[in-house]
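K.L.:
what follows is a protein structure lacking sequence information:
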């Protein structure tokens, strides 16, 4: 198993904690993907945000929206 590369101390300019409630399986999958890249989950998140391809509306190009520009979410 590869050890995740951490950012050097003092590298972050304006860091903060994100309090998000997510599905446990998705959090674990995200952490696994980050580990596979040799990164921490927070470093991988920052990388994704900084490098994610966006469309002309500022949305990720891989998001499938309906005709009204909304995510097709199941009703709760």
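P.N.:
Received the coordinates, thanks. Keep in mind the model is a prediction, meaning the values are calculated, not measured. Numbering: from 1, shown residues only.
K.L.:
mind checking pLDDT for the residue nearest to the spatial centre of the chain?
P.N.:
Against the mean C-alpha coordinate of the chain, by Cα atoms, centre = their mean, the closest residue is residue 45 at 4.1 Å. Looking at residue 45, its pLDDT stands at 94.
K.L.:
tell me who's in contact with it.
P.N.:
residue 30 (Cβ atoms under 8 Å, 6 or more residues apart in numbering). Using the backbone N, CA and C atoms, a C-beta is placed for each residue, glycine as well.
K.L.:
quick one: it from residue 13, how far?
P.N.:
15 Å (Cβ to Cβ, to the nearest Å).
K.L.:
got it, and residue 28?
P.N.:
Remark: distance between residue 28 and residue 13 (Cβ to Cβ) = 29 Å.
K.L.:
more neighbours: these two, which one.
P.N.:
residue 28 (11 against 5; other Cβ atoms under 10 Å).
K.L.:
would you agree the more buried one falls within a helix?
P.N.:
Yes - applying DSSP: H, G, I helix; E, B strand; the rest coil, one finds residue 28 inside a helix.
K.L.:
could you pull out the buried residues of the lowest-mean-pLDDT helix or strand in the chain?
P.N.:
When the helices and strands of the chain are scored by mean pLDDT, DSSP states H and E, helix 41-51 comes last with a mean of 94. Neighbour counts over helix 41-51 (16 or more other Cβ atoms under 10 Å) mark 42-44 as buried.
K.L.:
how about the residue nearest to residue 57 when sequence neighbours are not counted, secondary structure?
P.N.:
Distances taken as Cβ to Cβ, 6 or more residues apart in numbering place residue 69 nearest to residue 57, at 7.8 Å, with adjacent residues excluded. What three-state DSSP gives for residue 69 is coil.
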